[in-house]
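**Student:** Provided below are the primary sequence and the corresponding predicted coordinates.
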Amino acid sequence: MDQNISMPILTAAELMKLEFPPPQWLVEGLLPEGLTVLSGAPKIGKSWLSLQIALSITTASPLFGRAPASEKSVLLLALEDNERRLQERISKCGLTPSETFCLTTKWEDGLPGLKQFLLDNRNIKLCIIDTLAVFLPSQDARGRNTYDADVARMRELHNLGRDTGTSLLMIHHDKQGEDSDWASKMNGSSGVIGTADTLIRLSVQKRGSKQAKLQVTGRDVEDLELNLKLDEMTMCWQIDKEQDDRKLTALQSNVLKLVPKAPETIRSREIAGKLEKEQSQISDILKKLNYRGYVISPAYGEYSLCPY
């Protein structure tokens, strides 16, 4: 194809010949690399969840039955907290923090300073910013989040991640009012939800509830919905098996009964043989049970009951 412009244009045939690496995961099936927005109403446990994510990734500890790909360094900007509160939270979570987990409660150097810090510390693979509004408020002159202003600040964050090789998890608040689409409940315009690679929303039916719903959607992640409950001893979110069990089909329940406790494992073909079902059907069910936190896959194609 003749080109008189500087931007590369491919034919569809040329595109199909290219090879791309698969998406990389920070937490398998839950948190891919890129720009993620985690939203929810104020004071329902988003900061606890972000701390839980950081501790999981830096210690390679499973999160909702999903193991991080490997231990990675994380930077947390907890801009609505103080050091005493963070110390208490980390202590309560019960996980021994790693030297790969860095944090601060103040950041006055803005986006340029963060870019330089991440360039100087290339080992950091995830930066959690709590919250988006404090770190990078909308610059709309009327004081409202408009589409153009939201797209502009989200593009700045995309550029930051691309230039430094760091994934970003932005903690964000929901807006008031009802909306049938859960992603549209996020504060700001559609510029926020349309520009992010992945959207995660934590919601509770009423304030103070210890039960929550975690919903995930994005470009590189399958849509996911988890029922969670808050462990009041550790203040960590866990899979709520009692809620989730009601949604299991009869076949899913029968498959689950045949999955052994770790360290023993079982393969889909073994279960398929015992239940006289197609292996592909059982394999799909095991993958769904893995995504929902019922089983873990310690090795490719092998499954055990989730111990967490």
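**Tutor:** Yep, it's here.
**Student:** pretty sure residue 292 contacts residue 239?
**Tutor:** Yes. Residue 292 lies in contact with residue 239 (Cβ atoms under 8 Å); the separation is 7.3 Å. C-beta here means a position set from N, CA and C on the backbone, and glycine is covered the same way.
**Student:** what is in contact with the two at once?
**Tutor:** Taking Cβ atoms under 8 Å, 6 or more residues apart in numbering as the contact rule, residue 292 and residue 239 both touch 65, 226.
**Student:** Okay, now the unreliable bits of this protein?
**Tutor:** Applying pLDDT under 70 to the chain flags the ranges 1-7, 67, 69, 138-145, 175-191, 243-246, 307-308.
**Student:** more crowded one of residue 292 and residue 239?
**Tutor:** Each of residue 292 and residue 239 has its neighbours counted (other Cβ atoms under 10 Å); residue 292 has more, 22 against 19.
**Student:** Give me the number of neighbouring residues for residue 126.
**Tutor:** Residue 126 has 24 neighbouring residues, counting by other Cβ under 10 Å.
**Student:** what's the helix or strand for residue 171?
**Tutor:** Using DSSP states H and E, residue 171 falls within strand 167-173.
**Student:** and that strand, what does it pack onto?
**Tutor:** Contacts defined by 3 or more Cβ pairs under 8 Å, 6 or more residues apart in numbering; DSSP states H and E place strand 167-173 against strand 35-40, helix 46-59, strand 124-130, helix 132-135, helix 147-164.
**Student:** And the ones you listed: which comes nearest residue 216?
**Tutor:** Nearest to residue 216 among the helices and strands packed on strand 167-173 is strand 35-40; the distance by Cβ to Cβ comes to 9.1 Å.
**Student:** Could you list the residues in contact with the closest one?
**Tutor:** Contacts of strand 35-40 (Cβ under 8 Å, 6+ apart): 46, 49-50, 132, 154, 157-158, 161, 167-174, 185-187, 192-193, 195-203, 218.
**Student:** What of stretch 298-308?
**Tutor:** Contact partners of stretch 298-308, identified using Cβ under 8 Å, 6+ apart, comprise 62, 64-65, 238-239, 256, 259-268, 286, 289-290, 293-297.
**Student:** Can you list which of those residues are found in helices?
**Tutor:** The helices, defined by DSSP state H, take in 256, 268, 286, 289, 290 from these.
**Student:** Of the contacts of stretch 298-308, just the buried ones, ChimeraX syntax please.
**Tutor:** In ChimeraX, this line selects whichever of the contacts of stretch 298-308 come out buried by 16 or more other Cβ atoms under 10 Å:
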select :62,64,65,238,239,256,259,265,266,267,268,286,289,290,293,294,295,296,297
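**Student:** show me the contacts for the residue nearest to the spatial centre of the chain.
**Tutor:** Geometric centre of the chain, nearest residue: residue 31, 3.4 Å, by Cα atoms, centre = their mean. Listed by Cβ under 8 Å, 6+ apart, the contact partners of residue 31 are 25, 53, 169, 198, 200, 221.
**Student:** Just the closest of those to residue 106, please.
**Tutor:** residue 169 (18.9 Å).
**Student:** For that closest one, give the beta-bridge partners.
**Tutor:** Beta bridges link residue 169 to residue 36, residue 128 when assigned by DSSP bridges.
**Student:** for residue 295, same thing?
**Tutor:** Bridge pairing for residue 295 (DSSP bridges) gives the partners residue 305.
**Student:** how close does it sit to residue 74?
**Tutor:** 26 Å (Cβ to Cβ, to the nearest Å).
**Student:** repeat for residue 123
**Tutor:** According to Cβ to Cβ, residue 123 and residue 74 sit 10 Å apart.
**Student:** So between these two, which is more surrounded?
**Tutor:** Neighbours were counted for residue 123 and for residue 74 using other Cβ under 10 Å; residue 74 has more, 26 against 10.
**Student:** and the more buried one, what does it touch?
**Tutor:** 54, 57, 58, 100, 101, 102, 124, 125, 126, 127, 128.
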